[in-house]
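Engineer: Just the structure for this:
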Amino acid sequence: MTEPRDTTFDAAAFLAEAGLGRRIVQLKTKQTFFSQGGPADSIFYLQKGRAKLSVVSKTGKEATISLFSIGDFVGEESLATVGGLRMATATAITACTSLKIEREEMVRVMHEEHSFSDLFLKFLLVRSMRTQADLVDQLFNSSEKRLARILLLLAEFGKPGEPESLIPTITQETLAEMIGTTRSRVSFFMNRFRKLGFIEYNGRIRVHKSLLNVILHD
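Structural biologist: Sure thing, here's the model as predicted:
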């Protein structure tokens, strides 16, 4: 007769420590987690830092499609199929610490540990809602409102705890890619936000809660 399996599983410890099928990786600013077209054989859990996901078209045009912060999984498409390829490139915006989990280990723990699969499902649902919000934002909001929303997201307004008002260093080109406009338009709006006291901009950007007025104002 087999002994009952110990059902206690610490998801936080699993995501914090290296172990079988997983290791801690350190990335410098602008270093890639993985590249578009590369093998989709692992998933990353961001422990520290900020990152972005971008795609490059056949004509060489690059677009940033998502941002990541502490507690996010990166590269979850690797779970879809064995031998698949990455559809985008994940790059560190700041210095990052991440847990790299091999696909097989991720699949195993999701099957065996319900607390972990529940945690991951919650992440996927939040990501899906964020993607829908991004699409609505792109379709219906002005570029000024889209820029204000991205800055607030970078400052983590709306997440539990105090927002990080001083956001990671990010170029106006990247902001322009994310909201679908030109760098000159971003520069115009940034200057406008600064004059209105919504942000401080001296090398790095400090976002004030008053920037929400741009989102809420019709």
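
Engineer: what's the closest non-adjacent residue to the residue nearest the centre of the chain?
Structural biologist: By CA atoms, centre = their mean, the chain has its centre lying nearest to Phe68, at 1.6 Å. Nearest non-adjacent residue to Phe68, counting by CB to CB, 6 or more residues apart in numbering: Ala51, 4.3 Å away. No exception for glycine: its C-beta is placed from N, CA and C like everyone else's.

Engineer: CA atoms only for the host helix or strand of Leu152, dumped as PDB, please.
Structural biologist: Using DSSP states H and E, Leu152 maps to helix 143-154. Output of helix 143-154 as PDB, limited to C-alpha atoms (Å, rounded to 0.1, in the frame of the first residue of the first chain):
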ATOM      1  CA  SER A 143      -3.000  58.600 -28.900                       C
ATOM      2  CA  GLU A 144      -2.900  61.100 -25.900                       C
ATOM      3  CA  LYS A 145      -5.100  58.800 -23.800                       C
ATOM      4  CA  ARG A 146      -3.100  55.700 -24.900                       C
ATOM      5  CA  LEU A 147       0.100  57.400 -23.800                       C
ATOM      6  CA  ALA A 148      -1.400  58.300 -20.400                       C
ATOM      7  CA  ARG A 149      -2.600  54.800 -19.900                       C
ATOM      8  CA  ILE A 150       0.800  53.300 -20.800                       C
ATOM      9  CA  LEU A 151       2.600  55.600 -18.300                       C
ATOM     10  CA  LEU A 152       0.100  54.700 -15.600                       C
ATOM     11  CA  LEU A 153       0.600  51.000 -16.300                       C
ATOM     12  CA  LEU A 154       4.400  51.400 -16.100                       C
END
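
Engineer: And the lengthiest helix in the chain, what does it pack against?
Structural biologist: Across the chain, the longest stretch assigned as helix under DSSP state H is helix 114-140. Helices and strands touching helix 114-140, by 3 or more CB pairs under 8 Å, 6 or more residues apart in numbering; DSSP states H and E, are helix 11-16, strand 62-68, helix 103-112, helix 143-154.

Engineer: buried set for the first one?
Structural biologist: Using 16 or more other CB atoms under 10 Å as the burial criterion, the residues of helix 11-16 that qualify are Phe14, Leu15.

Engineer: Check what contacts that helix and list those residues.
Structural biologist: For helix 11-16, contacts defined as CB atoms under 8 Å, 6 or more residues apart in numbering pick out Arg22, Tyr45, Gln47, Leu99, Val109, Glu113, Ser115, Phe116, Leu119.

Engineer: Let me know whether the residue nearest to the centre of the chain touches Leu46 as I believe.
Structural biologist: Yes. With contact defined as CB atoms under 8 Å, Phe68 reaches Leu46; the gap is 5.5 Å.
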